[in-house]
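*Asks:* Prediction below, plus the sequence it came from.
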Amino acid sequence: MNMVPTAFYSHADIEIYIGDAREILPHLPRGLTVTDPPYNLGYDYDVYQDNLGERAYQDLLQTCIVHPSVVIHYPEALFRLAISWGIPPEKVVAWVYNANTPRQWRSIGWWGILPDFTLSGQPYKNPTDVRVRRLIENGNIARLYDWWHIDQVKNVSEEKTEHPCQIPLEVMKKILSITPNPALIIDPFMGSGTTLRAAKDLGRPAIGIEISQDYAEQAVARLSQERLM
């Protein structure tokens, strides 16, 4: 009989479990899945092997990502997920960034839940345009763009940890800020804890699952900081 897992960390509505998410998730309450899963591109993680066969990889994602969900991935992978689930996302936006790599944007998709983009306006790109200036004068100070320009976490970034594929805190805060507020946020591929840190900063309960104890310890360290850029 499977034993109920014991939290590695538990404080102020935030919990972390160490292990395989497929084994831990059945013991947890349901919530909103918000995750940046492994991309299956051969990243050098310390425990997880990021080179599964395509069928095994799809099985992993389909088992661990329970709807409603918000998923960050490259667009082709997001299309494959939608096909495998048999349902399209409610909404997709592009996260773009400047990088010396062949890929300079990823997709963020919402399944089973609709984000409220009126909570995340961005400054107009052409504020000197006559029509835009008139909108701003009338109090419309922001526009709801379907792409977010947020720099990646780089080696010189203040929030950088030892995790090789760290998502910016600003991305996760933006996601959580515009997504309706269910009782619980769950990240089955927690990594360095960006989703949990964003949840903590926004006062939302969250659970993270991570197969690597080293990465889980990094997440605990981030959660203990009073201020995190």
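*Replies:* Nice, I can see it. Everything numeric here is computed off the predicted structure, so don't read it as measured data.

*Asks:* How many residues are close by Asn100?
*Replies:* For Asn100, the number of neighbouring residues by other Cβ atoms under 10 Å comes to 5. Just so you know, the C-beta spots here come from the backbone N, C-alpha and C atoms, and that holds for glycine as well.

*Asks:* need the contact list for it.
*Replies:* Listed by Cβ atoms under 8 Å, 6 or more residues apart in numbering, Asn100 has no contact partners.

*Asks:* And the spatially most central residue of the chain, its phi and psi?
*Replies:* When the chain is reduced to its mean C-alpha position, the nearest residue by Cα atoms, centre = their mean turns out to be Thr35, at 4.0 Å. Dihedral angles phi and psi of Thr35 (degrees, to the nearest 10) take the values phi -150, psi 150.

*Asks:* Please apply the same query to Arg106.
*Replies:* With angles defined as degrees, to the nearest 10, Arg106 sits at phi -130, psi 160.

*Asks:* Give me the number of neighbouring residues for it.
*Replies:* Counted with other Cβ under 10 Å, the burial measure for Arg106 works out to 21 neighbours.

*Asks:* Who is the residue nearest to it when sequence neighbours are not counted paired with across the strands?
*Replies:* With sequence-adjacent residues excluded and distances taken as Cβ to Cβ, 6 or more residues apart in numbering, Arg106 is closest to Trp95, at 5.1 Å. For Trp95, the beta-bridge partners under DSSP bridges are Arg106, Trp148.

*Asks:* contacting residues for Trp95?
*Replies:* For Trp95, the residues meeting the contact criterion (Cβ under 8 Å, 6+ apart) are Ile72, Trp105, Arg106, Ser107, Ile108, Trp147, Trp148, Ile150, Val171.
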